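1. turn this into a structure:
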Amino acid sequence: MSDATERPVDDDAWASACAEDLEAEKARRRAQYGTPPGSAAEELRRLLDAVADKVSSFQTSVPGIAAQSAVQQLVSQAKSAVEPVIERNPEIFDHLAAAGGELLAAYRSAVEGHERRWAQRPYDSAGGTSGTSEDGSDPRDEGPGASEHIDLD
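-> I've put the predicted structure just below:
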């Protein structure tokens with residue numbers, strides 16, 4: 001018999017080797033960069049814990065103590081409201097974080113061109129823009145895409 005038939009065959013040898021390489025790479029990155037951030041739900045939980053710890057560490061005057069107790073109460077109420085949601089559906093916060101990023105990107109794309117045109121317009125000494133015609137159109141807005149002008153005001 002040949003060596004190939006005598007050795008046990010690992011059907012998932014490639015998958016096992018890939019999994020080992022992946023774990024080694026994760027360990028190398030943890031050693032180099034520290035632990036990666038958790039999910040949005042874990043990060044929210046850590047934020048609430050950090051705020052609660054910071055508030056409890058304040059040592060101030062009597063009015064400050066009253067404010068401190070009000071803030072501690074607010075933080076504990078927020079934690080009690082958020083904890084059940086985190087436990088039942090932690091992916092909600094990942095979706096909310098992604099949606100917030102998408103909204104920010106949409107806002108930037110809508111406003112960026114408008115801000116660029118506004119910043120490039122030269123003003124004359126009378127306070128108006130120079131280079132505009134009587135109807136308020138700017139000759140620099142002509143060209144490709146001029147018909148797609150979006151006025152956000």
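
2. wait, Ile86 touches Leu44, no?
-> Yes: with contact defined as C-beta atoms under 8 Å, Ile86 reaches Leu44; the gap is 6.9 Å. C-betas here are computed from N, CA, C, even on glycine.

3. need the residues touching each of those two.
-> Phe93 (C-beta atoms under 8 Å, 6 or more residues apart in numbering).

4. of those two, who's got more company?
-> Leu44 (21 against 18; other C-beta atoms under 10 Å).

5. contact partners for the more buried one?
-> 82, 86, 93.

6. from Ala81, how far out is it?
-> Distance, Leu44 to Ala81, by C-beta to C-beta, to the nearest Å: 11 Å.

7. ditto for Glu43
-> From Glu43 over to Ala81 (counting by C-beta to C-beta), the distance is 17 Å.

8. for Ala106, same thing?
-> 29 Å.

9. and if you look at Ala99?
-> Ala99 is 20 Å from Ala81, by C-beta to C-beta.

10. against which helices or strands is the longest helix seen in the chain packed?
-> If each helix of the chain is counted by residues according to DSSP state H, the longest one is helix 91-120. Where contact means 3 or more C-beta pairs under 8 Å, 6 or more residues apart in numbering; DSSP states H and E, helix 91-120 is packed against helix 40-57.

11. understood, closing this out.
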